[in-house]
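**Student:** Pasting the sequence and the predicted coordinates here, then a few questions.
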Amino acid sequence: MRHIKRGVGAAVLAICLASSTVACTSGSSGEGPGARAADEQGTRVAVDTDGSGVEATALLLNTAPVVVVAAPDAAAQARAASVAVGLRAPMLTSVPGGDAELAEEIARLGAERVLRVGDVSFEPDDADVVDAPGDRAGLEELTGVSFEAEVDVPETRIDDTTVHLSPGAPALMTSGTPLSRDTGAGSAGVADAEPIETGSPAWAGDEAPTVLVHDGTPVAAIATAVATGGAVSHLRAPDPRVDGGSVEAVRDAEVIYALGPDWGSEEEVADRVEKARAVPELPGGGQLVFPGRRFVAAYGSPITPALGILGEQGPEESVARVQRLVEQYQPYSPEQVVPAFEIIGTVASGAPGDDGNFTNEWGPEEFEPLVDAITAAGGYAVIDLQPGMADMVDQARIFEDLLKRPDVGLALDPEWKLKPGQQPGAQIGSVDAEEINRVVDWLADLTRESGGPQKLLILHQFSTAMISNREQIDTSRPELAIALHADGHGTPDLKLGTWDALRSGLSPDIRLAWKNFYDEDTPTFTPEQTMAVEPRPWFVSFQ
């Protein structure tokens, strides 16, 4: 399976896949690279921190008669990736200070020829060196490969280089600049070199390993994996649980290679693969809340329409309403937009009540019709707490059975968290990170014990005073994805000013969420305006 997503790595993978469809016009089928033996396979990781691709070739291959070596600039790497795949040859990148490692790996592979792409000065000891010509005709003459393929891949970008993939020359049109055929002083030209024969894949059919890459995977590693016939899947993040496509990629795979940084250890990758196979998936697929999806939610309570749009109609009508919002937002999101309800489960009260907590609490059964309706429609439900003087963990426990469900998350609203002597509406409430962290621990433990996917925890805020010691919020629990919900309303300038203030000093592990108000905003942001906010919100609710 080849699962392509957006991003730098995806752009390179698209180039590689375009090149992998080219025809061999020479009629030759040379010796291809030799795959690692089966007893050396398993769940393996090749990091390639320096970007050279040496660790990837060491993991994937025993031998290779031809190796493509690229200069480290983006244009040369993009072009070399296409050439490598066309030749069925591994690719390496010449990086500063890495020549010794390159030479050692090329010698280990037993390469007889090295094809240099771009401004590469590297000289291996025991292999013939040929510099790739800059034009398509010269490269086809040298390689015997026709670089012509009808591909439907638009202009994309790799670093600061625009790469155009168009019928007729998918690999050789880069940066809009004509490519020179100058092979450089002292290097072999096309006329001096014997044609390079294309190889065959190292693996064939079902024998191919599943190879996982992401945006941080070096270009050379991706090209080598495609060239050798691996079943390459480009993931949104270095985790096989990230979305439905990544789960599908590893579901039945017996051999998995993860290329690039940030995967963690081989034991961690193996554990995440097992979770991907066994844990229920979230709406939209996968077991990680982000970055595989965004949410658009209707906010409110079935108790009264005064608290938001969820109280203005029945559950099924609310589903239809939020689905119309999703349709409006999807064109502006590269990720799937998932419908959601944010349901106010406890409501701050102006009177202390029998327990003196200034909050109204209902049984979970009051909210089950809404939860059932949105989750049956492929959406997500969030239970929102307005705690008054109640402890937030105690309020969360009321909804424990609902929160065990894989498609139900939790939200905390410090605006309604009171100190002794305070009253809802008389001032803006606040909560300390210590109390939030107790909720984090409780909810993370519940999620782990119930065997569910990652759970969303939303923290509402519209002033800095609402959450004290915010920098101390624990974001380390992998069972939770935390989002900060900017609740500011008013004019666009006021909303964006609040947004920027709340972003300041925020942990990079906390995602940002946005609220649109139908009555208090002047005017309410359109879908295009909302999704143009920087950074793009991961959760958008409507009140």
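**Tutor:** Ah, there it is.

**Student:** Which residues are in contact with residue 127?
**Tutor:** Residue 127 sits next to 67, 106, 111-114 when contact means CB atoms under 8 Å, 6 or more residues apart in numbering. The C-beta positions use only the backbone N, C-alpha and C, and glycine is treated the same way.

**Student:** now the helices: where do they sit in the stretch 151-300 of the chain?
**Tutor:** Taking DSSP state H, counting those that start in this stretch as the test, the helices found in the stretch 151-300 of the chain are 219-227, 244-251, 266-278.

**Student:** which other helices and strands contact the first one?
**Tutor:** Contacts defined by 3 or more CB pairs under 8 Å, 6 or more residues apart in numbering; DSSP states H and E place helix 219-227 against helix 8-19, helix 54-60, strand 66-70, helix 74-87, strand 91-93, strand 210-213, strand 231-234, strand 256-259.

**Student:** Can you say which of these is packed in most?
**Tutor:** strand 91-93 (a mean of 32; mean count of other CB atoms under 10 Å).

**Student:** is it fair to say residue 437 lies in a helix?
**Tutor:** Yes - counting by DSSP: H, G, I helix; E, B strand; the rest coil, residue 437 is found in a helix.

**Student:** ok, the contacts of residue 127 vs residue 333, which is closest?
**Tutor:** residue 67 (40.7 Å; CB to CB).

**Student:** So what pairs up with that closest one in the strands?
**Tutor:** residue 114 (DSSP bridges).

**Student:** What backbone torsions are found at residue 263?
**Tutor:** Phi and psi for residue 263, reported as degrees, to the nearest 10, are phi -80, psi -20.

**Student:** is it true that residue 435 touches residue 391?
**Tutor:** Yes - counting by CB atoms under 8 Å, residue 435 does reach residue 391; the two are 7.3 Å apart.

**Student:** who's more crowded, these two?
**Tutor:** Between residue 435 and residue 391, residue 435 has the larger neighbour count (other CB atoms under 10 Å), namely 18 against 14.

**Student:** State the number of residues packed around residue 378.
**Tutor:** There are 13 residues near residue 378, going by other CB under 10 Å.

**Student:** so it makes contact with residue 282?
**Tutor:** No - the pair residue 378 and residue 282 does not pass the contact test of CB under 8 Å, sitting 10.2 Å apart.

**Student:** Just give the closest residue to residue 445, not the sequence neighbours.
**Tutor:** Once flanking residues are discounted, residue 445 sits nearest to residue 479: 7.9 Å by CB to CB, 6 or more residues apart in numbering.

**Student:** cool, residue 126 as well?
**Tutor:** Excluding its sequence neighbours, the residue lying closest to residue 126 (CB to CB, 6+ apart) is residue 107, at 6.2 Å.

**Student:** Doesn't that neighbour lie inside a helix?
**Tutor:** Yes - checked against three-state DSSP, residue 107 lies within a helix.

**Student:** For it, give me its contacts.
**Tutor:** Contacts of residue 107 by CB under 8 Å, 6+ apart are 124-126.

**Student:** ok, it to residue 130 distance?
**Tutor:** According to CB to CB, to the nearest Å, residue 107 and residue 130 sit 18 Å apart.

**Student:** Tell me the spacing between the residue positioned nearest the centre of the chain and residue 288.
**Tutor:** Of all residues in the chain, the one closest to the mean position by CA atoms, centre = their mean is residue 236, 2.5 Å from it. Separation of residue 236 from residue 288 (CB to CB): 9 Å.

**Student:** okay, and the common contacts of the two?
**Tutor:** Looking at what touches both residue 236 and residue 288 (by CB under 8 Å, 6+ apart), the common residues are 242-243.

**Student:** Report the distance from stretch 306-315 to the chain centre.
**Tutor:** 34 Å (CA atoms, centre = their mean, to the nearest Å).

**Student:** The helix or strand hosting residue 346 - contacts with which helices or strands?
**Tutor:** Residue 346 belongs to strand 336-348 when elements are defined using DSSP states H and E. Here strand 336-348 touches strand 293-300, helix 315-329, strand 359-361, helix 368-376, strand 380-385, helix 392-398, strand 539-542, going by 3+ CB pairs under 8 Å, 6+ apart.

**Student:** and those as TSV, adding mean neighbour count, mean pLDDT and distance to residue 443?
**Tutor:** Shown next, in TSV, are the helices and strands packed on strand 336-348 (neighbours: other CB atoms under 10 Å; pLDDT from 0 to 100; distance: least, CB to CB, whole Å):
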stretch	mean neighbour count	mean pLDDT	distance to residue 443
strand 293-300	28	97	18
helix 315-329	17	98	24
strand 359-361	20	89	18
helix 368-376	19	98	16
strand 380-385	26	98	11
helix 392-398	18	97	7
strand 539-542	26	97	17
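
**Student:** closest one to residue 100 among those?
**Tutor:** Closest to residue 100 of the helices and strands packed on strand 336-348, according to CB to CB: strand 293-300, at 44.6 Å.
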